[in-house]
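[1] Have a look; sequence and predicted model below, questions after that.
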Amino acid sequence: MNKYYLTTPLYYVNAAPHIGHTYTTMAAETIARFKRMQGYDAVMFTGTDEHGQKVERAAEAIGKSPQEFTDLISAEFRAQWEKLNIRVDRTIRTTDPRHRKVVQWLFQRCLDNGYIYKGSYSGQYCVYDELYVNEAKPGDPCPECGRTTETVTEENYFFKLSAFTEKLIELYESQPDFIQPETRRNEVLSFVRAGLNDLSISRTTLKWGIPLPVEGKHVFYVWFDALIGYMTAVEDGGFERTGLWPADLHLIGKEIVRFHAVFWPAFLMAACLPLPRRVFAHGWLLFENDKMSKSRGNIVRSEPIRQVMGADALRYFLLREIVFGQDGSFSFDALITRYNSDLANGLGNLASRTLTMITQYRKGAIPEGSDPAIAELAAGTIKTVQETFDRFEFSKGLEAIWALISAVDKFIVTMAPWKLARDAGGDAQQNLNRTLYTAAEALRIVTALLSPVLPLSAPKIWTQLGMKDSIESVTFATLAWGGLPAGQQIGEVSGVFPRIELKEGVAKMRELEEKVSAEQAALLGKKPEAAEAAPGSPKIAIDDFGKVDLRVGLVLQAERVKGSDKLLHLKVDLGEAQPRTIVAGIAEAYTPEQMLHRKVVIVANLQPRKLKGIESNGMIVAASVEGGKPVLAGFHEDIPVGARLK
RNA sequence: GGCGGUGUAGCUCAGCUGGCUAGAGCGGCGGUCUCAUAAUCCGCAGGUCGGGCGUUCGAGUCGCCCCGCCGCCA
């Protein structure tokens, strides 16, 4: 049997898992299940990247050792996958001793082949990202995170990346699908064509890393260490033993394309090792069209969704709603709407009505007969799903499956089996048989096709259809119309996707979200409010605070200020005779549309000030952290315009 | 700034090498059946296809310019 080894990234453990991690991992595991249906021996990998400065510091911040800290977080990741019904076949923690051996071994091969040299770097360095910022001047911010860079002079080991410029271009050209989707490939190509500089792969500024097998106190740059985890996980004391390397697919987010499509193949080339076959970068999951980030405080976790909707609902939503490869928007509203219309009203209802009719009209025994039009459509659907999923076009494949579901619903209405059931004459009973079989067989095929996407629910429908063999034994080689045995007794019928009331569901998930994020914070030893509180503010008396007139305002108008990226021109109702004109530096965080009709907190007695020629009569109150964008203060309950904060 | 991408009904998007009255799903509105999860099914909703100029018998579909948004530029 052909193997298919695929990986998620090694998740960095400086923070707890969230829905973004879930997205990648669910997509990967769906591919694994799909590949198994195609007859491959699919091997699913996920793991954790545990070294580096950020982890060292995050651990220190809560008074734990890096090892204690990573033990905690990596366990959290593993627990997450288990809860979400994600089967992991291979995994690695980069702090595992056997990983250290593989990293050093691979480094040695690069060294022996002449691709490593000792050099020194003098210039700007971002400690947070462990990144050398070549073109920056002292005091410049880091292009990744915006933090101020530090000037360092350091002796490092360098990887001769420059030697691979041509070889990499050759790789991308000879294997056009090495990087997907196309836009990412274009980016990488233009990046590499511009010429590659050598890459520093060691650090002496931190301890929490794998030591280089050389003199001195060098530890590996976290990315050199991490990428090799894909290999360690299938090493087993020799790659021949598992036969799993090279990987067939690295599934990643678009932010780490360069590491996977440029550095990683270069490292492997230098070590004379086989290259992965493909790197696929998916897009970002936005929350209500905003980037999720800690500084915005809008990170969504999977656990509340799982508790309210089930893991399958989330997986279905992510794969159906978002075009794989592009950015996509997540919201609780969209999730429930999608669930109700597709899973409850579509699939769930079809299962329910079909199985109930077989119970009522045929005492639970599947009758004989078949409708050629539906049979043909189903055959086409099987083909389409295979083709689209092969290209990771999940949304298209799922759309095709729902076209079949819809056709069966129409077919049922056309045949009106409930009328046939009351008709003893003519062909009525035969037509009823044909209708019931057709619906049930279509349901069986739909269920089988959906099993990679609905790994918990599909088996339930499968069992209700009375199928004896496990759904996991179904392959595309055998899946065809007519596979449902006539005469088969169906199982006990029960609803698989109960409808979820929109408002209640959203409220429930939001409530749980707060609970879960508090739990995560507790796990990390953080006190809820302790997040980077401004240090050393002098104490003030209550009178001092009383001088500040804070009022609730309603944004009536909002537009960008011409010639400025940061400013918004707002008209805000403070309950006064005239709305106020306020210019706020929040345009990088909020669009005018988002501001409209929003209740905000305004400093109402600030001296007027002219910004870009517009007089601003007040200031909008927002919180921000170093390097992050401002987040507006707001209220959970309703409050009239003009109310004073005191 | 350079390179790449993108802007189509309220929302999410299809529309390949240019050609019948511009489509789908969801939402909305009206109706229907009753097997079913207040589900299904049927009908309706009239969007300057970002803007302009051009090529063409004919342009969301090609070219140029402009505007907006996104990504990459170590």
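    Thanks, I have it.
[2] For the residue in the stretch 401-550 of chain A positioned nearest to RNA strand B, give me the pLDDT.
    Proximity of the stretch 401-550 of chain A to RNA strand B (Cβ to the nearest atom of the strand) peaks at residue A:409, 3.5 Å away. C-beta coordinates here come from the backbone N, C-alpha and C atoms, glycine included. We have a pLDDT of 95 for residue A:409.
[3] In contact with the closest residue to it other than its chain neighbours, which residues?
    The shortest distance from residue A:409 to any residue other than its chain neighbours is 6.2 Å, reached at residue A:350 (Cβ to Cβ, 6 or more residues apart in numbering). By Cβ atoms under 8 Å, 6 or more residues apart in numbering, residue A:350 lies in contact with A:405, A:408, A:409, A:439, A:443, A:446.
[4] element containing residue A:350?
    helix A:349-362 (DSSP states H and E).
[5] Run through the helices of the stretch 251-400 of chain A in chain order.
    A:257-258, A:264-270, A:302-309, A:311-321, A:332-338, A:349-362, A:372-390, A:394-415 (DSSP state H, counting those that start in this stretch).
[6] Give the buried residues for the longest one.
    Of the residues in helix A:394-415, those buried by neighbour count under the rule 16 or more other Cβ atoms under 10 Å are A:394-398, A:400-402, A:404-405, A:407-409, A:411-412, A:415.
[7] could you give the angle of that helix to helix A:311-321?
    Taking axes from the mean of the first three to the mean of the last three Cα atoms, to 10 degrees, one finds that helix A:394-415 is oriented at 100 degrees with respect to helix A:311-321.
[8] Could I get the CA-only coordinates of the next helix or strand after helix A:394-415 as CSV?
    As assigned by DSSP H and E, the chain's next helix or strand after helix A:394-415 is helix A:417-420. Provided in CSV are the C-alpha atoms of helix A:417-420 (Å, rounded to 0.1, in the frame of the first residue of the first chain):
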residue,chain,number,x,y,z
PRO,A,417,-44.0,8.4,-1.1
TRP,A,418,-46.6,9.3,1.6
LYS,A,419,-49.2,9.2,-1.1
LEU,A,420,-47.9,6.1,-2.7
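[9] Quick one: list the elements packing against helix A:417-420.
    Applying 3 or more Cβ pairs under 8 Å, 6 or more residues apart in numbering; DSSP states H and E, we find helix A:417-420 packed against helix A:349-362, helix A:428-450.
[10] Find the one among those helices with the highest mean neighbour count.
    With neighbours taken as mean count of other Cβ atoms under 10 Å, these reach their highest mean count in helix A:428-450, at a mean of 23.
[11] just how off-centre is that one within its chain?
    36 Å (Cα atoms, centre = their mean, to the nearest Å).
[12] got it, and stretch A:575-588?
    36 Å.
[13] Does that stretch reach RNA strand B?
    No - using Cβ under 7 Å from any atom of the strand, stretch A:575-588 stays clear of RNA strand B, coming no nearer than 8.5 Å.
[14] Can you list the buried residues in that stretch?
    A:579, A:580, A:581, A:582, A:583, A:584, A:585, A:586, A:587.
[15] thought the second one was touching residue A:553?
    Yes - under the criterion of Cβ atoms under 8 Å, residue A:580 is in contact with residue A:553, at a separation of 7.3 Å.
[16] Residue A:130 versus residue A:302, what's the distance?
    28 Å (Cβ to Cβ, to the nearest Å).
[17] more neighbours, those two?
    residue A:302 (23 against 20; other Cβ atoms under 10 Å).
[18] for the residue nearest to the more buried one when sequence neighbours are not counted, what are its contacts?
    Distances taken as Cβ to Cβ, 6+ apart place residue A:22 nearest to residue A:302, at 4.3 Å, with adjacent residues excluded. The contact partners of residue A:22, by Cβ under 8 Å, 6+ apart, come to A:80, A:84, A:302, A:314, A:318.
[19] hang on, isn't the second one packed against residue A:30?
    No - with contacts counted by Cβ under 8 Å, residue A:84 stays clear of residue A:30, the gap being 11.8 Å.
[20] List the residues that are in contact with both of the two.
    Common neighbours of residue A:84 and residue A:30 (Cβ under 8 Å, 6+ apart) are residue A:315.
[21] how far is the helix or strand where residue A:80 lies from where the chain is centred?
    In the assignment (DSSP H and E), residue A:80 maps to helix A:66-83. How far helix A:66-83 lies from its chain's middle: 18 Å, per Cα atoms, centre = their mean.
[22] now for it, which elements pack on it?
    helix A:19-37, strand A:41-49, helix A:53-61, helix A:302-309, helix A:502-523.
[23] Would you convert those into TSV that also reports mean pLDDT and distance to RNA strand B?
    Converted to TSV, the helices and strands packed on helix A:66-83 look like this (pLDDT from 0 to 100; distance: least, Cβ to the nearest atom of the strand, whole Å):
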stretch	mean pLDDT	distance to RNA strand B
helix A:19-37	95	15
strand A:41-49	97	19
helix A:53-61	88	17
helix A:302-309	94	13
helix A:502-523	88	10
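[24] Tell me which of those sits nearest to residue A:461.
    The minimum distance between residue A:461 and these falls on helix A:19-37, with 15.9 Å, by Cβ to Cβ.
[25] Taking helix A:394-415 as reference, get the angle to that closest one.
    Using the same axes, to 10 degrees: helix A:19-37 against helix A:394-415 is 70 degrees.
[26] Distance from the chain centre to helix A:19-37, please.
    That offset, for helix A:19-37, works out to 10 Å (Cα atoms, centre = their mean).
[27] what's the answer for stretch A:193-204, then?
    Distance of stretch A:193-204 from the chain centroid (Cα atoms, centre = their mean) equals 29 Å.
[28] what comes into contact with the helix holding residue A:80?
    Outside helix A:66-83, the residues touching it (Cβ under 8 Å, 6+ apart) are A:11, A:13-17, A:21-22, A:25, A:46, A:48, A:50, A:55-56, A:58-59, A:62, A:64, A:88, A:91, A:93, A:95, A:208, A:302-303, A:306, A:311, A:520, A:523-524.
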